[in-house]
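In: Okay, sequence plus prediction incoming.
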Amino acid sequence: MLLQYDRKELYEKVWDCPLLKVAQEYGVSAVALGKTCKKLSVPLPGRGYWAKLAHGHPVSKKPPLQKLEKVPVIYRYPTAQKNPNNTNQPDPEFLAINQLLASGALNPPQFDPACRPHPLVRSTATRLRSRSHKNEFGILRPREPGGLDIKVSEGMLDRALDAMAQVIAVLEQQSHTVAVAEEGRIVALINGEQIRFAIEEPVRKVVTSKPRVPNPTDRWDYDEIVAHEPTGKLVLAIETSTWGQFEQRKRWSDAKTQRVENLIADFVAGLLRTAVSLRRQKEEQEQQEAERKRQEAERWQLRKDIEQEEKKVEQLNKWAENWERANRMRRFIKAYEKQYSSWPSEKQAKYKTWIEWATQQADRIDPLVTEKPASVLDRKHELSWW
């Protein structure tokens, strides 16, 4: 509901505190409130008034509010009332993850050279050791499916394996596991949610110019040669999709002052957050699907009710028409009976039989007659047997 500006109230407020604060109270901009004051002929303090007042300097006196014969009517939207109980409380699940991260519980354990690497790390290293299996960008390809999702060049393989080993170690410390999903991809199993993750080395495009003539003079004398090469940087990535309000960070990469090895704890925290978001995302989808089915059931029931109602209305119209026909026929029969009573007696027997037959036809279509007289027309269906 729109609210009307109170001219006297506005006058008192703009001389009691700066226009910006009054505008915030009304839920409008200072420029809009200034225009409103001008339309309502409400005088405003001059420039520098509040600064002079704050430092004890003399200021202009507050002018009186002029009387207007016709006060303009100006409306505004009511400002939203702040609910003291509706504060931005941190999400308890994400807060618990942040506490784990701050406490150091997600930091990788100390490396023990005497311990054998994780079986998944060993099997992945075996699959990627062959130098001949590379794509056109120099990224290693596994000799066979399976293993951790690692897409790096030969020179970055050891770093990538070590980083993945640390991620797995932290996950297992937190009672989570890394396993092979149904589609053959390696996933982190966190509270029942499967989250795909990988480590990769981005590829960059390299453009070089080759002169096409002995003495090139402009850019048209050069051919561009485009090539792609690994960047020498690693990126830890979460490949399971979350979107909308559930979207979480997906990539942690090398930078000038940091390496992914120093981001393991933050990456695992990202996996944990993604598991929470993934569960909530599925719950919302289930709720939406349940709501869709409920609405579909309501529409189906509504369609059924409408069809039944239409049949009832159709039946009612048919009964009313037949009743009208039956009464019309009876009125005609009475008029006919009155007419034939004046005819010779030798003809009355014949017409009396016709009147009885006609009355039966009226009774047959009358919906208020429960016992319908028999007719040869009832045997019409027998003709279809022959």
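Out: Nice, I can see it.

In: hey, let's count contacts and neighbours off CA atoms from now on
Out: Fine.

In: domain ranges for the chain?
Out: Using automatic domain parsing, the domains assigned to the chain come out as 3-76, 92-285.

In: Of those domains, flag the one that's most buried.
Out: domain 92-285 (a mean of 16; mean count of other Cα atoms under 10 Å).

In: related to what we said a few turns ago, with distance to residue 314 as extra columns, can I get the domains of the chain in JSON lines?
Out: Shown next, in JSON lines, are the domains of the chain (distance: least, Cα to Cα, whole Å):
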{"stretch": "domain 3-76", "distance to residue 314": "53"}
{"stretch": "domain 92-285", "distance to residue 314": "43"}
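
In: can you tell which of the ones you listed is closest to residue 382?
Out: Checking the domains of the chain against residue 382 by Cα to Cα gives domain 92-285 as the closest, at 59.0 Å.

In: so where do the strands sit in the stretch 1-150 of the chain?
Out: 3-4, 75-76, 150-151 (DSSP state E, counting those that start in this stretch).

In: what is the rounded mean pLDDT of the last one?
Out: It stands for strand 150-151. Averaging pLDDT along strand 150-151 yields 92.

In: Ok, the second one next?
Out: Regarding strand 75-76, the rounded mean pLDDT is 84.

In: Which neighbours in the sheet does it have, and how are they oriented?
Out: strand 3-4 (antiparallel) (DSSP bridges).

In: so where's this structure uncertain?
Out: Within the chain, the stretches with pLDDT under 70 are 1, 79-89, 130-132, 183, 347, 385-386.

In: all helices for it, in order.
Out: Along the chain, counting by DSSP state H, helices occupy 7-14, 19-26, 30-39, 49-54, 92-103, 119-128, 157-173, 264-340, 345-365.

In: thinking again about what came up before, of all the strands of the stretch 1-150 of the chain, which lies closest to residue 32?
Out: strand 75-76 (10.4 Å).

In: Need the contact partners of the closest one.
Out: 2-5 (Cα atoms under 8 Å, 6 or more residues apart in numbering).

In: list the contacts for residue 10?
Out: Residue 10 touches 37, 42, counting by Cα under 8 Å, 6+ apart.

In: Once you drop chain neighbours, what's closest to residue 73?
Out: Take residue 73 and drop its neighbours on the chain: the residue closest to it by Cα to Cα, 6 or more residues apart in numbering is residue 4, 6.9 Å away.

In: Does the one you found have any beta-bridge partners, and if so which?
Out: residue 75.

In: So it is in contact with residue 72, correct?
Out: No. If you go by Cα atoms under 8 Å, residue 4 and residue 72 don't touch, sitting 10.1 Å apart.

In: Would you quantify the distance from residue 189 to residue 235?
Out: 21 Å (Cα to Cα, to the nearest Å).

In: do residue 196 as well
Out: 14 Å.

In: and if you look at residue 15?
Out: Residue 15 is 59 Å from residue 235, by Cα to Cα.

In: do residue 206 as well
Out: 20 Å.

In: Let me have the strands of the stretch 1-150 of the chain in JSON lines, extended by distance to residue 279.
Out: Shown next, in JSON lines, are the strands of the stretch 1-150 of the chain (distance: least, Cα to Cα, whole Å):
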{"stretch": "strand 3-4", "distance to residue 279": "44"}
{"stretch": "strand 75-76", "distance to residue 279": "43"}
{"stretch": "strand 150-151", "distance to residue 279": "26"}
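
In: out of these, nearest to residue 322?
Out: Here strand 3-4 is closest among the strands of the stretch 1-150 of the chain (Cα to Cα), at 62.1 Å.

In: residues touching the residue nearest to residue 104 when sequence neighbours are not counted, list them.
Out: Nearest-residue entry for residue 104: residue 265, 8.0 Å, with adjacent residues in sequence omitted and distances by Cα to Cα, 6+ apart. Each residue near residue 265 by Cα under 8 Å, 6+ apart is listed here: 101, 104, 106-108, 170.
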